[in-house]
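Chemist: A structural model of the following input is requested.
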Amino acid sequence: MTDLLIKRVDGDAALQDLKDWQHVHNVVVPPFHLPLDAVRERAGRNHMDVAYVGDVLVGCSTVRPPEGDEAVVTVIARVLAEHRRQGFGEQLYARGLERARESGAGVIETLVLESNQDGLRFALKHGFAEVERYVLPGLTIPEIALRLS
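Modeler: The predicted structure follows:
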């Protein structure tokens, strides 16, 4: 397996790291296109990483902090289509799970667009079960919420 370099993207991150995270997010989740200002704001409240093989951008991840009485933490790993099935999602996901547990997660969930069948297969393979399917206002593609069982 090729060595994957995973870098933290925080509110003070280098502009290129923010843009790289934004690029992966917007390619993998096109209905939720984020402008750079929104990415910077999210980097201030979430744990966000970008992943590279050498100088090549392959993916990104997000870990949202605990919310609610159940301390629900959302872990999302995204890998560009041309880099899937090489173990990069596994590494991003493992790092995300570690961050979630460190933050005091009571429940771990993930979100996947219904149209992202690779992402849905990945989540199901890793022990997630669907808990909700919904369409956000103004969109047409359902989002699937899954929880780690």
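Chemist: give me the number of residues near the nearest residue to Asn116 once chain neighbours are set aside?
Modeler: Of all residues not flanking Asn116 in the chain, Val28 sits nearest, at 7.0 Å (CB to CB, 6 or more residues apart in numbering). (Glycine included, C-beta is placed from N, CA and C.) Val28 sits with 21 neighbouring residues when counted by other CB atoms under 10 Å.
Chemist: same check, this time on Gly104
Modeler: Neighbours around Gly104, by other CB under 10 Å: 10.
Chemist: Next up, phi/psi of Thr62, please.
Modeler: Per-residue torsions, Thr62: phi -140, psi 140 (degrees, to the nearest 10).
Chemist: That one reaches Arg42, doesn't it?
Modeler: Yes - contact criterion CB atoms under 8 Å: Thr62 and Arg42 qualify, at 7.3 Å.
Chemist: who touches both of the two?
Modeler: The contact sets of Thr62 and Arg42 overlap at Met48 (CB atoms under 8 Å, 6 or more residues apart in numbering).
Chemist: Between these two, which is the more surrounded one?
Modeler: Thr62 (23 against 19).
Chemist: what's near enough to touch the nearest residue to the more buried one once chain neighbours are set aside?
Modeler: Excluding the flanking residues, the one nearest Thr62 by CB to CB, 6+ apart is Ile76, at 4.7 Å. Applying CB under 8 Å, 6+ apart to Ile76 gives the contacts 61-63, 96, 110-111.
Chemist: separation between the residue nearest in space to the middle of the chain and Asp37?
Modeler: The centroid of the chain falls nearest to Ile76 when counting by CA atoms, centre = their mean (2.6 Å). Distance of Ile76 to Asp37, computed by CB to CB, to the nearest Å: 20 Å.
Chemist: number of nearby residues for Val58?
Modeler: Val58 is flanked by 26 other residues according to other CB under 10 Å.
Chemist: Quick check: which element contains it?
Modeler: strand 56-67 (DSSP states H and E).
Chemist: Please pull up the helix or strand immediately following that strand.
Modeler: According to DSSP H and E, the helix or strand after strand 56-67 is strand 72-79.
Chemist: what comes up buried for the strand holding Val58?
Modeler: For strand 56-67, burial by neighbour count (16 or more other CB atoms under 10 Å) applies to 57-66.
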